[in-house]
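K.L.:
Got a sequence here, can you model it:
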Amino acid sequence: MKKFLFLILLNASFLYGFAQQTQVIKLWPNEVPGETQPKHAAEEYLANKNGNVHRISNITDPLLQVFKPTVKANGAAIIICPGGGNKYLALDIEGEEVAHYFADRGYLTLVLQYRVPMKTLGSFQDVQRAVRLVRSMASKLEIDSNKIGVMGFSAGGNLATRATTGYNKVSYPHIDLVDSVSCRPDFSLLIYPGSMKTQTGALIPEVVPTEKTPPVFIFAAADDQFKAPFPLGQALIDLKLPFEFHVVPKGGHGYGLRKGNPAAEAWPKLAESWLGNILITKSN
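P.N.:
Residues are numbered from 1 along each chain as shown. Presented below is the predicted three-dimensional model:
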């Protein structure tokens, strides 16, 4: 009983911004594990202004931006990890725009502002904490605790893959009761994920699927300079795991879901259909 009451109070403190309609949930209540800089707001990334993309970097206070369903909620939540080569986050094209799209289809969506630049362990800690935090707040957020997934683009897709296959790894010291909650995603969508193979063609050591890896949706274009993650697909086949893999002829990389790119116009509907089947399965 005491543990339950503590979680309620803890979640109330995390949800302060949420309740005040700022739609923000901070990941870490006090110090951020392994972070040497003080907490501060994200900064604009000015080194690259191409493509009408809003880029942010130098993130030391990771957070979730919350987008409530705009139609009847289906009880599922998607944590979205934008890409940016681990240097920055492409916040709009691979975050907020995607969040609005799926919120308009009944999903609670949360854009993860994870630590960058070049903080591989920190970003992994952030996504694990994000899944735990959302699951611990399921009642408050009006979602099913067994319908929480991750979606990632480019470097964010690589991060989502590591979260999907490495949920049993202990990446930071136990902080509070939230860390007693599972960080295993219930499903995973990898949209043109960043390279996850070694020079020999094998999967990187950080990506090791097991029999308990959740269902996965993968989408990429054949002309993507970072290549489709076929080694991951083969690993999932070898384990006889449920997954769906789409490769379209054209599209390149970094397109989000903006119109005018054939890949960008193709993947959302495919993902919607796949997600619908996954949610039906979990409801039975």
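
K.L.:
Identify the spatial nearest neighbour of residue 73, chain neighbours not counted.
P.N.:
Nearest residue to residue 73, sequence neighbours excluded (C-beta to C-beta, 6 or more residues apart in numbering): residue 106, at 5.5 Å. Glycine gets a C-beta too; all of them are placed from N, C-alpha and C.

K.L.:
now do residue 44
P.N.:
Nearest residue to residue 44, sequence neighbours excluded (C-beta to C-beta, 6+ apart): residue 56, at 6.3 Å.

K.L.:
From the contact counts, what lies against whichever strand or helix holds the one you found?
P.N.:
With secondary structure defined by DSSP states H and E, residue 56 is part of strand 55-57. If you count contacts as 3 or more C-beta pairs under 8 Å, 6 or more residues apart in numbering; DSSP states H and E, strand 55-57 packs onto strand 43-44, strand 89-90.

K.L.:
Quick one: closest of the ones you listed to residue 166.
P.N.:
Nearest of these to residue 166, taken as C-beta to C-beta: strand 89-90 at 20.6 Å.

K.L.:
Can you name the residues in contact with that closest one?
P.N.:
Identification of contacts with strand 89-90 by C-beta atoms under 8 Å, 6 or more residues apart in numbering yields 42, 53-57, 59, 82-84, 95, 113-114, 116, 153-154, 156, 254, 256.

K.L.:
Just the ones in helices from those, please.
P.N.:
Filtering the contacts of strand 89-90 for membership in helices, criterion DSSP state H, returns residue 156.

K.L.:
Now which of the contacts of strand 89-90 would you call buried?
P.N.:
42, 53-57, 59, 82-84, 95, 113-114, 116, 153-154, 156, 254, 256 (16 or more other C-beta atoms under 10 Å).

K.L.:
doesn't residue 63 make contact with residue 41?
P.N.:
No - with contact defined as C-beta atoms under 8 Å, residue 41 does not count as touching residue 63 (9.7 Å).

K.L.:
Could you name the helices and strands sitting against the longest helix along the chain?
P.N.:
In the chain, assigned by DSSP H, the helix with the most residues is helix 262-283. For helix 262-283, the packing partners by 3+ C-beta pairs under 8 Å, 6+ apart come out as strand 188-193, strand 216-221, strand 243-248.
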